[in-house]
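Asker: no sequence for this one, just the structure:
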């Protein structure tokens, strides 16, 4: 009986292995990718099916209630495992191997679990996931992502890849990705990429050339990308925004004149643009929730009005000198208030701002 328990635990560990790797990568802020995945699929399926055969060949088919529950749970968990694997893997044969675990698990559960209610619950839950897995497997055959160019920077700090994302009749795209090569690593078919960013997503088939001019300047199709705009080392959000505006004032003014979103497409720090008669707000980020929320970015005011962005009553819109800029605090008028606003001139008619609520 103890050996049966050990076999069930091995099946559970195999089922949780791949989703756990994905979760750990996310928690550590890595982008997780799978190169093909066929080796992982063949090896783990062989182990899984081998353990399943050993379980079914055992004369002692007794397991305790907790292990009967764990074995039944594998029906559901290995389908979740299959869905996660299908999302990351690029090889359809590998996907089929992993999806086949459900069949083996269903047979083992039928052999070992005698609790009718438990069987009904987990077979029903597992049945709900069969259709999504089938659809994912079928749809995975319509598209293919292929690395068509890959260049490491001269200082081996960054790596750039051009991805051909062919979705057949649905169209496709050409993507330019960059990640920190010096902080990334691989384990077999799995690759953990640090700080991966998409610098561009353009029409399918547009790729012509990819090269590094030096360690900080990447060229794709003769367009230059300054990598320090995307990976500003040791800079605060404020320093990063000010540096960006100072370097790209001409580009920003061209956008303001033409109001063409393509001009600022794929810019590294701009999250959202809000336009009003009095200002243009280039939102760059935010944090917090509910009553403890912060926002930051920069704005353009042709009249150099630094009091246009926040929601204070006109009678309370008094700015006081604070460091290199100007500050407003709700607490000046209401001791219970904690809203604040800070703004600082950058260049031309552009100003940095921070808001807290």
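Answerer: Received, thanks. No experiment lies behind these values; they were computed from the predicted model shown.

Asker: let me see the contact set for residue 325.
Answerer: Residue 325 makes contacts with 342-345, 352, as judged by CB atoms under 8 Å, 6 or more residues apart in numbering. For the C-beta atoms, the positions are set from N, CA and C on the backbone; glycine is no exception.

Asker: I should have written residue 224 there, sorry.
Answerer: Taking CB under 8 Å, 6+ apart, one finds 213, 217-218 in contact with residue 224.

Asker: please name the bridge partners of the residue positioned nearest the centre of the chain.
Answerer: Centroid check for the chain by CA atoms, centre = their mean gives residue 31 as the closest residue, at 6.8 Å. Under DSSP bridges, the beta-bridge partners of residue 31 are residue 193.

Asker: excluding chain neighbours, what is closest to residue 165?
Answerer: residue 173 (4.7 Å; CB to CB, 6 or more residues apart in numbering).

Asker: ugh, wrong one, I meant residue 340
Answerer: residue 356 (4.7 Å).

Asker: how near is the one you found to residue 274?
Answerer: Residue 356 sits 18 Å away from residue 274, going by CB to CB, to the nearest Å.

Asker: ok, back up a step: tell me which of the contacts of residue 224 fall in strands.
Answerer: 213, 217-218 (DSSP state E).

Asker: related to what we said a few turns ago, most neighbours out of the contacts of residue 325, which is it?
Answerer: Within the contacts of residue 325, most neighbours by other CB atoms under 10 Å means residue 343, with 24 neighbours.

Asker: list the contacts for it?
Answerer: 306, 309, 319, 325-326, 351-354.

Asker: what's the neighbour count on residue 260?
Answerer: Neighbour tally, residue 260, other CB under 10 Å: 10.

Asker: tell me the buried residues in stretch 244-259?
Answerer: Applying a neighbour-count criterion of 16 or more other CB atoms under 10 Å, one finds 244-245, 248, 252, 255 buried in stretch 244-259.

Asker: how about stretch 69-83?
Answerer: In stretch 69-83, the ones that count as buried by 16+ other CB under 10 Å are 70-83.

Asker: one more: stretch 2-15?
Answerer: By neighbour count on 16+ other CB under 10 Å, the buried set for stretch 2-15 is 4, 7-8, 10-12, 14-15.

Asker: if we can go back for a sec, can I assume the residue nearest to residue 340 is in contact with residue 287?
Answerer: No: the pair residue 356 / residue 287 is not scored as a contact, 9.9 Å apart, by CB atoms under 8 Å.

Asker: find residues that contact each of the two.
Answerer: 293-294.

Asker: ok, the two, which is more surrounded?
Answerer: The residue with more neighbours, out of residue 356 and residue 287, is residue 356; 17 against 11, by other CB under 10 Å.

Asker: so what sits opposite the more buried one in the bridge?
Answerer: Assigned bridge partners for residue 356, using DSSP bridges, are residue 294, residue 340.

Asker: just the buried residues of stretch 2-15: which are in helices?
Answerer: Residues of those located in helices (DSSP state H): 4, 7-8, 10-12, 14-15.

Asker: in JSON lines: these, plus pLDDT and distance to residue 38.
Answerer: Formatted as JSON lines, these follow (pLDDT from 0 to 100; distance: CB to CB, whole Å):
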{"residue": "4", "pLDDT": "84", "distance to residue 38": "31"}
{"residue": "7", "pLDDT": "87", "distance to residue 38": "25"}
{"residue": "8", "pLDDT": "85", "distance to residue 38": "27"}
{"residue": "10", "pLDDT": "89", "distance to residue 38": "22"}
{"residue": "11", "pLDDT": "89", "distance to residue 38": "21"}
{"residue": "12", "pLDDT": "89", "distance to residue 38": "24"}
{"residue": "14", "pLDDT": "90", "distance to residue 38": "17"}
{"residue": "15", "pLDDT": "90", "distance to residue 38": "19"}
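
Asker: give the buried residues for stretch 273-284.
Answerer: Going by neighbour count (16+ other CB under 10 Å), the buried part of stretch 273-284 is 279-284.

Asker: first to last residue in that stretch, what's the distance?
Answerer: 9 Å (CA to CA, to the nearest Å).

Asker: any idea of the mean pLDDT in that stretch?
Answerer: Mean pLDDT, stretch 273-284: 92.

Asker: ok, the residue nearest to residue 340 - contacts?
Answerer: Residue 356 neighbours (CB under 8 Å, 6+ apart): 292-295, 338-340.

Asker: go with 7 Å
Answerer: Residue 356 is in contact with 294, 339-340, counting by CB atoms under 7 Å, 6 or more residues apart in numbering.

Asker: do residue 192 as well
Answerer: 25, 30, 32, 184-185.

Asker: of these, closest to residue 269?
Answerer: Of all the contacts of residue 192, residue 269 sits closest to residue 30, with 21.6 Å by CB to CB.
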